[in-house]
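Peer 1: From the sequence below, what's the structure:
(one chain, ligands or ions: 1)
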Amino acid sequence: MRKPVVGVIGNSHRVENRFQVQMVGERNLRAVAEVSGGLPVMFAGSPDITDIAALLDTVDGIVLTGARANVHPTRFNVDPCEKHEPYDIHRDEVALALSLACVARGIPLFGICRGLQEMNVAFGGSLHPEIREIPGRMNHRMPRLENGEIHPDPTVVFADRHDVALTPGGAFATLLGCEKIRVNSLHGQGILDPGKRVLIEGVAEDGTIEAIRIAEAPTFALGVQWHAEYDPQRNPINRKLFEAFGEALVARQRTAA
Ligand SMILES: N[C@@H](CCC(=O)NCCCC(=O)O)C(=O)O
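Peer 2: Purely as a prediction, here's the structure:
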């Protein structure tokens, strides 16, 4: 059987203030290739480039990656605000449609950070634009230097920052064989209200939703707020997630054959 093909969503960026490009973090590609056993192929997070139906006729799974841009709040009936920019309405359109289509067609879907947020909004949920402003919440954004610059050392940026209590008997607790894990944290938005089919599978100490599963999805349809792609080659938690995603890809191939 051929290697499963995994679509990994790109993000629009402007290089040298001239070239419009689609970019994806290499760690997402490596996690799919090295741990899930798939062939990662990036696709444009832009609806006038990516035909959703054609994409899903071509791939065996989808990864919705993290991204700096926030999901546009009009997607959950909230007015936009300059201080919560940047937004990426083109990626929103592709990612939200893909979330629904993958679940409907039984195609494995793995949402990471922004990807979890997109899955939640696609299924009718809402987001808070800056969860650290909610009383009692931690700052989940990436660690910065005293001068506000991003810390230069990725081992600091992606260091585990908080615990996640997994729902006993849930998909994550069952897959991971435990009810508490510790994860990294690089996000400002967070789930405010889960969507109708969004099951909460894990929460941080401050109540921030960190893991979800789409109810009644015929296959892997999991989202994590942390960056599982950072170290699945050596982190047993993230390894199990990408391995389970890989197993779902193979199962999908068998049913689609
Ligand atoms: N923009 C959303 C999602 C955060 C996310 O995906 N972070 C990964 C990229 C981090 C970076 O490049 O700054 C949010 O802020 O919650």
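
Peer 1: Where do the helices of the stretch 101-250 of the chain begin and end?
Peer 2: For the stretch 101-250 of the chain, helices defined by DSSP state H, counting those that start in this stretch occupy the ranges 114-122, 154-157, 171-176, 236-256.

Peer 1: For burial, what's the neighbour tally of residue 136?
Peer 2: Residues near residue 136, counting by other Cβ atoms under 10 Å, number 8. Every C-beta, even on glycine, is put in place using the N, C-alpha and C of the backbone.

Peer 1: can you list the residues of this protein near the ligand?
Peer 2: Within the chain, the positions adjacent to the ligand are 66, 67, 68, 69, 70, 113, 114, 186, 187, 188, 189 by Cβ under 6 Å from any ligand atom.

Peer 1: if we go to 8 Å?
Peer 2: Residues of the chain found near the ligand (Cβ under 8 Å from any ligand atom) are 25, 65-71, 112-115, 117, 127, 140-142, 150, 186-190, 227.

Peer 1: Any of those residues buried? List them.
Peer 2: The neighbour-count criterion (16 or more other Cβ atoms under 10 Å) marks 25, 65-67, 69-71, 112-115, 117, 127, 140-142, 186-190, 227 among those as buried.

Peer 1: where exactly do the strands run in this protein?
Peer 2: Per DSSP state E, the chain carries strands over the ranges 5-9, 11-15, 19-23, 39-43, 61-64, 109-112, 126-128, 162-166, 180-183, 190-193, 198-204, 209-214, 221-224.

Peer 1: okay, the ones you listed in JSON lines with mean pLDDT next?
Peer 2: Output for these, formatted as JSON lines (pLDDT from 0 to 100):
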{"stretch": "strand 5-9", "mean pLDDT": "98"}
{"stretch": "strand 11-15", "mean pLDDT": "95"}
{"stretch": "strand 19-23", "mean pLDDT": "97"}
{"stretch": "strand 39-43", "mean pLDDT": "98"}
{"stretch": "strand 61-64", "mean pLDDT": "99"}
{"stretch": "strand 109-112", "mean pLDDT": "99"}
{"stretch": "strand 126-128", "mean pLDDT": "98"}
{"stretch": "strand 162-166", "mean pLDDT": "98"}
{"stretch": "strand 180-183", "mean pLDDT": "98"}
{"stretch": "strand 190-193", "mean pLDDT": "98"}
{"stretch": "strand 198-204", "mean pLDDT": "98"}
{"stretch": "strand 209-214", "mean pLDDT": "98"}
{"stretch": "strand 221-224", "mean pLDDT": "99"}
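
Peer 1: Highest mean neighbour count out of those strands?
Peer 2: Highest mean neighbour count of the strands of the chain: strand 109-112, a mean of 29 (counted as mean count of other Cβ atoms under 10 Å).

Peer 1: what's next to it, contact-wise?
Peer 2: With contact meaning Cβ atoms under 8 Å, 6 or more residues apart in numbering, strand 109-112 is reached by 28, 61-66, 98-99, 102-103, 117-119, 212, 214, 217, 220-224, 227-229, 241-242, 245.

Peer 1: Then stretch 234-245?
Peer 2: Contacts to stretch 234-245, defined as Cβ under 8 Å, 6+ apart, come from residues 31-32, 35-36, 61, 63, 108, 110, 175-176, 181, 183, 220, 222, 224, 228-233.

Peer 1: what's the spacing between the closest residue to residue 15 other than its chain neighbours and residue 66?
Peer 2: If the residues on either side of it in the chain are set aside, residue 15 comes closest to residue 21, at 5.4 Å by Cβ to Cβ, 6 or more residues apart in numbering. Distance from residue 21 to residue 66, counting by Cβ to Cβ, to the nearest Å: 17 Å.
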